[in-house]
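Novice: fold the following, please.
(one chain, ligands or ions: 2)
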Amino acid sequence: MHVTAAKVIVSSPGRNYVTVKLETDQGVHGVGDATLNGRELAVAAYLEKHALPLVIGRDPADIEDIWQMLYKGAYWRRGPVTMAAIAAVDVALWDIKGKVLGTPLWDLLGGRSRTGTMVYSHATGRTVGETLAKLADLQAAGYKAIRVQCLAPGMDEMYSIPRSKEPPDPRLPFVESGWDTSAYLRFVPKLFASAREAAGDDLHLLHDVHHRLTPIEAGDLGRRLEEFRLFWLEDAVPAELQAAFRIIRQHTTTPLAVGEVFNTVYDCEQLVREQLIDYLRMSIVHGGGISHMRKVAAFAEIYRVRLGPHGAADLSPVTMAAAAHFDIATHNVAVQEYAPHPEQAREVFSYQWSVEDGYLQPGNAPGLGADIDEQAAKRFPYERDYLPVSRLADGTMGSW
Ligand code: GCO
Ligand code: MG
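Specialist: Ligands and ions are numbered 1, 2, ... in the order given. All right, here's what the predicted structure looks like:
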């Protein structure tokens, strides 16, 4: 058996997605997600011009060797573009293997470790009232874990909160201006006091700081949130400096999560080995595919670090399919982020995974149980789009 064709399909059904499709001489094909939000075409070019020509003619059964060839053979290792490209090929090869063997991916990965993977959803609002109303709706819909984000008083814009105005120029990054750390630090404990009171004791509450704090500010926030028993405090500081988490750990027992921007095990090596975090947020698409994430999970398991993979809507339904299989099979997965995709994505992607009563289920179709309709994808051409940027009140560029 060999790979006869390898395509990159870039489409924008509500937002941009980059998909790899590998075809074989036996008529079986596989798909993988390569979406890197805001830098999609860099990965598409990496795949088209450099990686995919090396996959044509290969036996799709040899997943590990193809992974190593793409990783080591490039000489230039790691990085989000490289690792998203490798991830897409890797997932497509696992899809083919499952289809050839007639069994779902979770079966190939060792079978089920649990009956379903708990997901967390997002309650966001511009006011506490609006946020708590969303929290109540999601809780009523069966979610067991919910991330809570709300605009701090005095700020106009904050990440992931619905915006007050249209972008002045939609072709350029939206600027969230006026970030005020003091206002934010004063507000978040009040938000969680209200959220805990409204939600009761059983619901898992999460919060994403989105890299906005210094280590000592993060330690202070974590300490003041302890009484509200968060499931985790996410991305409290930028994690390029892994040792920064030592400072946070010295000050709080609030569980810490980080890692959605990581792409290899080396990005989290110190964090895991020193047990500086509780949850690792790496995803299959940005973490080198199923083959690399299996190794990351095994490494983290030794140190009692659990996984809570990134699952924002910019990770395509194909990544969610891969996550559904990986999560149910991987012993130290604790929770999976889940954000609904735009409605039009259903016209382009078909998939078997589902979220039922707050748990992610992979389905029983052979392989991934997800596919792309190439004709439908053509109806939604790529649209250049950027993530927003953040500026402090005095105009200083902030972290996003
Ligand atoms: C999350 C993330 C997202 C990311 C986005 C980047 O926790 O879901 O922080 O909101 O910012 O996925 O592309
Ligand atoms: Mg996040």
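Novice: how near is the residue in the stretch 101-250 of the chain positioned nearest to ligand 1 to residue 356?
Specialist: Residue nearest to ligand 1 within the stretch 101-250 of the chain: residue 208 (4.9 Å; C-beta to the nearest ligand atom). All C-beta spots, glycine's among them, are computed from the backbone N, C-alpha and C. Residue 208 sits 25 Å away from residue 356, taking C-beta to C-beta, to the nearest Å as the criterion.
Novice: quick one: which of those two has more around it?
Specialist: residue 208 (22 against 10; other C-beta atoms under 10 Å).
Novice: burial measure for the nearest residue in space to that one that is not next to it in sequence, as a count.
Specialist: Nearest residue to residue 208, sequence neighbours excluded (C-beta to C-beta, 6 or more residues apart in numbering): residue 234, at 4.2 Å. Residue 234 has 24 neighbouring residues, counting by other C-beta under 10 Å.
Novice: quick check, residue 234 in contact with residue 206.
Specialist: Yes: between residue 234 and residue 206 there is a contact at 6.6 Å, judged by C-beta atoms under 8 Å.
Novice: next, show the common contact partners of these two.
Specialist: Applying C-beta atoms under 8 Å, 6 or more residues apart in numbering, one finds that residue 234 and residue 206 are jointly contacted by 147, 257.
Novice: what's the distance between the residue in the stretch 251-400 of the chain positioned nearest to ligand 1 and residue 109?
Specialist: Per C-beta to the nearest ligand atom, residue 312 is where the stretch 251-400 of the chain lies closest to ligand 1, at 3.2 Å. Per C-beta to C-beta, residue 312 is found 23 Å from residue 109.
Novice: quick one, which of these two is more surrounded?
Specialist: Shown here are residue 312 and residue 109; by other C-beta under 10 Å, residue 109 has more neighbours (19 against 14).
Novice: spit out the contact partners of the residue of the stretch 101-250 of the chain closest to ligand 1.
Specialist: Residue 208 neighbours (C-beta under 8 Å, 6+ apart): 147, 149, 159-160, 234-235.
Novice: and what of residue 108?
Specialist: Counted by C-beta under 8 Å, 6+ apart, residue 108 has contacts 94, 97-98, 101.
Novice: quick check on it: phi, psi?
Specialist: Main-chain dihedrals, residue 108, degrees, to the nearest 10: phi -60, psi -30.
Novice: going forward, the N-terminal residue is numbered 5.
Specialist: Sure, I'll start counting at 5 from here, so that last one is residue 112.
Novice: quick one: it from residue 102, how far?
Specialist: According to C-beta to C-beta, residue 112 and residue 102 sit 6 Å apart.
Novice: tell me which element the closest residue to residue 29 other than its chain neighbours is part of?
Specialist: Excluding the flanking residues, the one nearest residue 29 by C-beta to C-beta, 6+ apart is residue 8, at 5.2 Å. For residue 8, the host element (DSSP states H and E) is strand 7-15.
Novice: for that strand, name the packing helices and strands.
Specialist: Here strand 7-15 touches strand 21-28, helix 44-49, helix 378-382, going by 3 or more C-beta pairs under 8 Å, 6 or more residues apart in numbering; DSSP states H and E.
Novice: which of the ones you listed sits closest to ligand 1?
Specialist: Smallest distance to ligand 1 across those (C-beta to the nearest ligand atom): 10.7 Å, for helix 44-49.
Novice: the closest one near ligand 1 at all?
Specialist: No: against ligand 1, helix 44-49 shows no contacts by C-beta under 6 Å from any ligand atom, the least distance being 10.7 Å.
Novice: which other residues reach that helix?
Specialist: With contact meaning C-beta under 8 Å, 6+ apart, helix 44-49 is reached by 12, 14, 20-22, 38-40, 85, 88-89, 92, 386.
Novice: hey, C-alpha coordinates of the host helix or strand of residue 276 in CSV?
Specialist: Element membership for residue 276 (DSSP H and E) is helix 273-277. The C-alpha coordinates for helix 273-277 follow below in CSV (Å, rounded to 0.1, in the frame of the first residue of the first chain):
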residue,chain,number,x,y,z
GLU,A,273,9.9,19.4,30.2
GLN,A,274,10.8,21.5,33.2
LEU,A,275,7.2,22.3,34.1
VAL,A,276,6.4,18.6,34.2
ARG,A,277,9.6,17.3,35.8
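Novice: as TSV, the contacts of residue 212 with distance to ligand 1, pLDDT and secondary structure would be great.
Specialist: Compiled in TSV, those are given as follows (distance: C-beta to the nearest ligand atom, whole Å; pLDDT from 0 to 100; DSSP: H, G, I helix; E, B strand; the rest coil):
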residue	distance to ligand 1	pLDDT	secondary structure
151	7	98	strand
153	9	98	strand
163	7	89	coil
164	5	88	coil
238	6	98	strand
239	7	98	coil
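Novice: what subset of these is buried?
Specialist: 151, 153, 163, 238-239 (16 or more other C-beta atoms under 10 Å).
Novice: sorry, back to before: now the contacts of helix 44-49 in a markdown table, with distance to residue 200?
Specialist: As requested, the contacts of helix 44-49 are exported to a markdown table (distance: C-beta to C-beta, whole Å):
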| residue | distance to residue 200 |
| --- | --- |
| 12 | 46 |
| 14 | 43 |
| 20 | 37 |
| 21 | 36 |
| 22 | 40 |
| 38 | 39 |
| 39 | 35 |
| 40 | 36 |
| 85 | 41 |
| 88 | 37 |
| 89 | 42 |
| 92 | 40 |
| 386 | 43 |
